[in-house]
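Visitor: quick one: sequence plus predicted model below, questions after.
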Amino acid sequence: MSIVQTTRPPAVPSTKVANFKPTLLQTEEHHLCPGCGEPVAIRLVLEVILELGLAQNNVCVIGHGCYGSFVMTLDVDCTLCLHGRAPAVSTGVKRMRPDVAVWTLQGDGDMTSEGLAEILHATARGENITCIMLNNGVFGDTGGQMTASSVIGQRTKNTLEGRDAAYHGYPIVICDMVASMQGSAYVARGSVHNAAAIAQTKRLIRKGFQRQLEKKGLSLVEILTMCPTGWFVPAAGGADYMMESLGKTYPLGEIKDVAAAA
Amino acid sequence: MRRESRGTLVIDVERCKGCELCIPACPPKVLSMSTISNHHGYLYPELSPGCTGCTACQQVCPDYVFEVYRYQTPVMAVVDTEAA
């Protein structure tokens, strides 16, 4: 079997079409598990920020989760805040600096379990911020426990028999709640399970930032990300498992867009 | 037989964590996992001739392992029938 030499750039004339890492990330190194979807989602957000010309004009408010380690390597202005309080902190940032694009990076445990009140009140106030929610259905950072958005039947570290609606209740579909409120401008759900979904998710993120720049209201982009470690599945099987479990409860696509309705 | 490559990759194998997401993501199916591991103990992807430079592998990779190049003129490579 012939293998192409891939240790150094090609010697014949060629054009580089894709870098290792997004420009706004200082290093490729991170400690996240094999098969994790979060670095892919973070790359998409950083690419959108660069393409919209916001690299010098944005503030990232990071919640708590595995993605929190990126606060050290993101080449944008960042602040960490209390668990789930990113929409509240970004409200303050946005009101002091209305010309700056403010976005939150949160997980499903951060947004739906710890900070449900903050995202709903920020939406009710119609704050011009963009919330990125990385939904993998588990508290990945603390070892993979159930969150409010874990789907029925999902195995986690504290629901080893699968989430039971009679005992654990039903998952919170945050996108539908935010979309039903008047303060939200754009609500969409993407995924990073394959290249086509990744390209679509990037378009959703770009629209989310554009609605903020148009001062339409709060935009929420939920991104389904793989957590094979938290789901007890092999790294290579994370993408298929995600669409069979989370993908059925959380269908992909745009849920609300005030610009399209107007 | 001979196979045309329109693009190629630089693969940083030491950073790979062996999740294998790039293997099904590759449209021309020219990526395969290695049989020896990197210094972390993970198997890593290897490229066979036939890359189109579509960047799908770079899109799905969580560990930022791929850099994609497109040749100005496609490169022909001889591959054995088993690999083809």
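Guide: It's in. Residues are numbered from 1 along each chain as shown, chains lettered A, B, ... in the order given.
Visitor: helices of chain B, start to end?
Guide: Ranges of helices in chain B, per DSSP state H, are B:22-25, B:56-60.
Visitor: gap between the first one and the chain center?
Guide: By that I understand helix B:22-25. 9 Å (Cα atoms, centre = their mean, to the nearest Å).
Visitor: helices and strands around that helix, which ones?
Guide: With contacts taken as 3 or more Cβ pairs under 8 Å, 6 or more residues apart in numbering or on different chains; DSSP states H and E, helix B:22-25 sits against strand B:31-37, helix B:56-60. All C-beta atoms are positioned from the backbone trio N, CA, C, and that covers glycine.
Visitor: export it as PDB, just CAs?
Guide: What follows is helix B:22-25 as a C-alpha-only set of coordinates in PDB (Å, rounded to 0.1, in the frame of the first residue of the first chain):
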ATOM      1  CA  CYS B  22     -11.400  11.900   9.500                       C
ATOM      2  CA  ILE B  23     -11.600   8.400   8.000                       C
ATOM      3  CA  PRO B  24     -15.400   8.400   7.100                       C
ATOM      4  CA  ALA B  25     -15.200  12.200   6.500                       C
END
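Visitor: which of the helices of chain B is buried the deepest?
Guide: Sort the helices of chain B by mean neighbour count, taking mean count of other Cβ atoms under 10 Å in any protein chain shown, and helix B:56-60 sits at the top with a mean of 24.
Visitor: let's check: the centremost residue of chain A is which one?
Guide: Closest to where the C-alpha atoms of chain A average out (Cα atoms, centre = their mean) is A:Leu134, at 3.1 Å.
Visitor: for it, what is the enclosing helix or strand?
Guide: strand A:130-135 (DSSP states H and E).
Visitor: what mean pLDDT does that strand get?
Guide: If you average the pLDDT over strand A:130-135, you get 96.
Visitor: anything in it near chain B?
Guide: No: Strand A:130-135 does not reach chain B (Cβ under 8 Å from any Cβ of the partner chain); its nearest approach is 12.2 Å.
Visitor: next SSE downstream of that strand?
Guide: By DSSP H and E, the next helix or strand past strand A:130-135 is strand A:138-139.
Visitor: and that next one, which strands flank it?
Guide: Its sheet considered, strand A:138-139 pairs with strand A:145-146 (antiparallel) by DSSP bridges.
Visitor: sorry, back to before: what's the closest of the helices and strands packed on helix B:22-25 to A:Cys175?
Guide: helix B:56-60 (23.6 Å; Cβ to Cβ).
Visitor: only C-alpha atoms, please: export the closest one in PDB.
Guide: Provided in PDB are the C-alpha atoms of helix B:56-60 (Å, rounded to 0.1, in the frame of the first residue of the first chain):
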ATOM      1  CA  ALA B  56     -13.200  17.800   4.800                       C
ATOM      2  CA  CYS B  57     -10.600  16.100   7.100                       C
ATOM      3  CA  GLN B  58      -9.400  19.500   8.300                       C
ATOM      4  CA  GLN B  59     -13.100  20.500   9.000                       C
ATOM      5  CA  VAL B  60     -13.900  17.500  11.200                       C
END
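Visitor: for A:Ser2, report the pLDDT, please.
Guide: Note on A:Ser2: pLDDT of 83.
Visitor: in the chain, which spans are strands?
Guide: Picked chain A for this. Along chain A, counting by DSSP state E, strands occupy A:14-18, A:58-62, A:77-80, A:101-107, A:130-135, A:138-139, A:145-146, A:184-191, A:218-224, A:253-257.
Visitor: please refer instead to chain B.
Guide: B:2-11, B:31-37, B:43-47, B:66-78.
Visitor: could you measure from A:Ser184 over to A:Ile174?
Guide: Between A:Ser184 and A:Ile174 the computed distance is 11 Å (Cβ to Cβ, to the nearest Å).
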